[in-house]
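> how would this look folded up:
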Amino acid sequence: MSAVTDTATDAVIRITGPHILIVEARFYEDIADELVRGAIIELEKAGATYDRIAVPGAFEIPAAINFALTAAEGGGAANDESAAPRYDGYVALGCVIRGETTHYDYVCIESARGLQDIALRHNAAIGYGILTVENDDQAWARAKVDQKNKGGAVASACLDMIRLKRHFGLTS
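Numbers count the residues shown, from 1 in each chain. As a prediction, the model looks like this:
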């Protein structure tokens, strides 16, 4: 796992106890399960806590993260138990496999654009783990924990972005 380093002191910026929201697209359930497994392993190694929510497909992931951010910004008072949870970062997991129509292109482009828009608008630390592949074999090669483990890599990227935010004095 990489870490953000303060070049003035060469000290690694450590994060303690980040709270992460994993948003998982369930359209390809078995692949989603493996992506989530990889992400959870990485988050637990880092001492992070997490919540999980499921959405139908990759297209819905940006809206779900935006809902969470909006609820946290406009939620109840800090001491109000009904206040929406605040997350330090977000892990977006899903899979889009090319089919016979242009639907694949729209889902891939719009989910990526939506997540980047959210990251920039809200200064959100987002790990982008939506696999965009041609077939099942490519999806499994990227999802499996004992192969490319993109779920773990994305969780690590999210944690790195949280470190970077803290380096610049930004809070979640």
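
> low-confidence ranges in this protein?
For the chain, the stretches with pLDDT under 70 are 1-15, 75-82, 172.

> ok, which stretches of it are helices?
29-45, 61-74, 103-122, 136-143, 150-167 (DSSP state H).

> give the contact list for the residue most central in space within the chain.
Nearest to the geometric centre of the chain sits Val91, at 1.3 Å (Cα atoms, centre = their mean). Going by Cβ atoms under 8 Å, 6 or more residues apart in numbering, Val91 touches 20-23, 39, 43, 50, 126-127, 129, 151, 154-155, 158. Quick note: C-beta positions are derived from backbone N, CA and C, even for glycine.

> Ala48 too?
By Cβ under 8 Å, 6+ apart, the neighbours of Ala48 are Gly17, Pro18, His19, Ile20, Leu159.

> in stretch 59-67, what's buried?
In terms of neighbour count (16 or more other Cβ atoms under 10 Å), stretch 59-67 has its buried residues at Phe59, Glu60, Ile61, Pro62, Ala64, Ile65, Asn66.

> excluding chain neighbours, what is closest to the fourth one?
Just to be clear, that refers to Pro62. Closest residue to Pro62 apart from its sequence neighbours, by Cβ to Cβ, 6 or more residues apart in numbering: Gly114 at 2.9 Å.

> repeat that for the second one.
In space, Glu60 comes closest to Ala25 once its chain neighbours are excluded; the distance is 6.9 Å by Cβ to Cβ, 6+ apart.

> so that neighbour sits right up against Cys95, yeah?
Yes. Judged on Cβ atoms under 8 Å, Ala25 makes contact with Cys95 at a distance of 7.1 Å.

> shared neighbours, these two?
With Cβ under 8 Å, 6+ apart as the test, Ala25 and Cys95 both reach Ala32, Ala58, Ile130.

> give me the neighbour count for the last one.
Looking back up the chat, that one is Ile130. Under the neighbour criterion other Cβ atoms under 10 Å, Ile130 is assigned a count of 23.

> report the contact partners of it.
Residues near Ile130 by Cβ under 8 Å, 6+ apart: Ala25, Ala58, Ile61, Ala92, Leu93, Gly94, Cys95, Val96, Cys108, Ser111, Ala112.
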